[in-house]
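Q: Build the 3D model from these lines:
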Amino acid sequence: MVAYNSSLLAHMMYGMAKVELLYFDGCPGYRKAEQSLKDALSREGIRSEVELVAVNTDEEAGALGFPGSPTVRVDGRDLFQVDEREDWRLGCRVYVTPEGLKDHPTEGMIRAALRRSPVRAPDASGEPGDPKSVDGEDAEDAWSSGLFGVPFRTLLSREVNRFLKVWTQTLLAPLLTSALYVVVFGYGLGSRIREVEGVPYLQFILPGLILLAVITASYGNTSLSLFDAKRERYIDDVLISPMTPLQIALAYVLGGVLRGLLVGAGTFALAIPLAGLPAERPLLLLAAGLATSVAFASLGVVTGVLATRIDHIFFLSTIVLQPLTFLGGVFYSAEMLPAPLRIATYLDPIFYAVDAFRYAAVGVSDAPPYPALAALVIFAVLAFLGTTELLRRGYKLRY
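A: Numbers count the residues shown, from 1 in each chain. Sure thing, here's the model as predicted:
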């Protein structure tokens, strides 16, 4: 038996409820939404008339708490609730339907939304009834509820497809760059520096080169993706979708993490025939690589949000990130340096990620590896939470 919101339906059946369709002329989906709404009301035996409410300015959108066109409200309540925002503006609204993303809710979704109730009506046996589909269509929350619902998977799929479609630039190019580092530094310097801390020089630098590739790929993927979304203005479609800031942050960060780990795995596979790189502690190796990728993918999101010009992204990558990576002990042991440079290396946060990753791969480190890994995990968690909060505030999300 379908779970009815009995008080709402009774209220509406006698024509007492106020049914509004808020719309913006720039979003043509409201015409289909109007027809779906009228059909749903008719089939439910509800006599209320549909009142069209035009929203023409950002000021009106703010006053009405307008999440996008079209929006269906009954007595001022949105049938498809969205999170509260600090900034309401004109825009088109996207709905998750059984057929995919659409610019209007279907009739079945509207009927199911009208029937939903926190306290489900009892069925014939006297037990609480389960919500059913309406004309074969589930309610919207059956499709979009949960952290890993359809909206989240759609955005994540877009982020993954974004770098897979240009794999020669996003995956192959970093592998070639890593191979050049191996040839120039590994074989060139390796002929003069035979060992570092009892490890062949080529094996010593390879963990740092792998992590360098992971950092660059993770950061570059998310920073450029967010900036492009702002510049091309399709970030608005993401913001009006039925996703929480946590889901948006997670989708972008996971896209960057996946690219970073693919590049890292490819570089590791390249290193095996070149140097016979071992993996003495594979779980620790995976944990260090994953935490590093999450941290820098999150920082990439922050950069993409805050950047107002493409120069800002490349400035941070070239002037800040790359020098910190090279000074993070990729090509040398901190113990080989004079005291001032050794102190500078120990102050470099990337050093601890490289050191923990090297310990997991070849078993040597300059700093205690497990405290370094713990600090890396904490940094990754804080970076992700900061990213989520920044997206929640909506700061500089419009170009």
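Q: Other residues contacting stretch 360-370?
A: Stretch 360-370 is contacted by residues 196-199, 203-204, 206-207, 210, 277-282, 284-285, 287-288, 329, 333-335, 346, 351-352, 355-356, 358-359, 372 when judged by C-beta atoms under 8 Å, 6 or more residues apart in numbering. The C-beta positions use only the backbone N, C-alpha and C, and glycine is treated the same way.
Q: can we see that at 6 Å?
A: 197, 199, 203, 207, 279-281, 284-285, 288, 333-334, 355-356, 359 (C-beta atoms under 6 Å, 6 or more residues apart in numbering).
Q: List buried residues within those.
A: Burial by neighbour count, 16 or more other C-beta atoms under 10 Å: within the contacts of stretch 360-370 this picks out 199, 203, 207, 281, 284-285, 288, 333-334, 355-356, 359.
Q: Make a markdown table out of those and add distance to Ile378 and pLDDT.
A: Listed next are these as a markdown table, based on distance: C-beta to C-beta, whole Å; pLDDT from 0 to 100:
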| residue | distance to Ile378 | pLDDT |
| --- | --- | --- |
| Val199 | 28 | 82 |
| Gln203 | 29 | 83 |
| Pro207 | 21 | 89 |
| Arg281 | 20 | 88 |
| Leu284 | 16 | 92 |
| Leu285 | 19 | 91 |
| Ala288 | 13 | 93 |
| Ser333 | 25 | 85 |
| Ala334 | 22 | 84 |
| Asp355 | 16 | 91 |
| Ala356 | 13 | 92 |
| Tyr359 | 18 | 91 |
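Q: Let me have these in CSV, extended by distance to Val301.
A: Listed next are those as CSV, based on distance: C-beta to C-beta, whole Å:
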residue, distance to Val301
Val199, 36
Gln203, 34
Pro207, 26
Arg281, 30
Leu284, 26
Leu285, 25
Ala288, 21
Ser333, 33
Ala334, 30
Asp355, 26
Ala356, 23
Tyr359, 29
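Q: which one of those sits closest to Ala383?
A: Nearest to Ala383 among the buried ones among the contacts of stretch 360-370 is Ala288, at 15.2 Å by C-beta to C-beta.
Q: Show only the entries of the buried ones among the contacts of stretch 360-370 found in helices.
A: Counted as lying in helices by DSSP state H, out of these, are 203, 207, 284-285, 288, 355-356, 359.
Q: could I get those residues as TSV with distance to Leu101?
A: Output for those, formatted as TSV (distance: C-beta to C-beta, whole Å):
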residue	distance to Leu101
Gln203	49
Pro207	42
Leu284	41
Leu285	39
Ala288	37
Asp355	45
Ala356	41
Tyr359	46
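Q: host element of Phe152?
A: Assigned by DSSP states H and E, Phe152 belongs to helix 150-164.
Q: What residues of that helix count as buried?
A: For helix 150-164, the neighbour count (16+ other C-beta under 10 Å) marks 150-152, 154-156, 158-160, 162-163 as buried.
Q: Repeat that for stretch 378-396.
A: For stretch 378-396, by 16+ other C-beta under 10 Å, it's 379-380, 383-384, 387-388, 390-392.
Q: surely Thr292 meets Tyr352?
A: No: using C-beta atoms under 6 Å as the test, Thr292 is too far from Tyr352 to be in contact (9.9 Å).
Q: Could you work out the most separated pair of the buried residues of helix 150-164?
A: Greatest spacing in the buried residues of helix 150-164, by C-beta to C-beta: Val150 and Phe163 (21.6 Å).
Q: Where does pLDDT dip in this protein?
A: Residues of the chain meeting the criterion pLDDT under 70: 1-16, 116-145, 186-194, 398-399.
Q: Let me see the domain layout of it.
A: For the chain, the structural domains run 6-144, 150-393, going by automatic domain parsing.
Q: Centre of the chain to the first one, how far?
A: What it means is domain 6-144. 27 Å (C-alpha atoms, centre = their mean, to the nearest Å).
Q: The chain should start at 31 in everything you say after this.
A: Sure, I'll start numbering at 31, so the last one becomes domain 36-174.
Q: Only C-alpha atoms, please: export stretch 368-387 in CSV.
A: Only the C-alpha atoms of stretch 368-387 are listed here, as CSV (Å, rounded to 0.1, in the frame of the first residue of the first chain):
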residue,chain,number,x,y,z
PRO,A,368,74.3,20.8,5.3
ALA,A,369,72.5,21.9,8.5
PRO,A,370,70.5,24.9,7.0
LEU,A,371,69.2,23.0,4.0
ARG,A,372,68.5,20.0,6.2
ILE,A,373,66.3,22.1,8.4
ALA,A,374,64.5,23.5,5.4
THR,A,375,63.9,20.0,4.1
TYR,A,376,62.4,18.9,7.5
LEU,A,377,60.1,22.0,7.4
ASP,A,378,58.8,20.9,3.9
PRO,A,379,55.5,18.9,4.4
ILE,A,380,56.0,17.0,1.2
PHE,A,381,59.2,15.6,2.6
TYR,A,382,57.3,13.4,5.1
ALA,A,383,55.0,12.1,2.3
VAL,A,384,58.0,11.1,0.2
ASP,A,385,59.8,9.7,3.2
ALA,A,386,56.9,7.5,4.3
PHE,A,387,56.4,6.3,0.7
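Q: mind listing the helices for the stretch 231-380 of the chain?
A: 231-261, 265-269, 275-305, 312-336, 340-345, 352-356, 369-376, 379-392 (DSSP state H, counting those that start in this stretch).
Q: Which elements pack onto the fourth one?
A: In terms of contacts (3 or more C-beta pairs under 6 Å, 6 or more residues apart in numbering; DSSP states H and E), helix 312-336 is packed against helix 231-261, helix 275-305, helix 379-392, helix 399-423.
Q: for the shortest one, which positions count as buried?
A: For helix 379-392, burial by neighbour count (16+ other C-beta under 10 Å) applies to 380-392.
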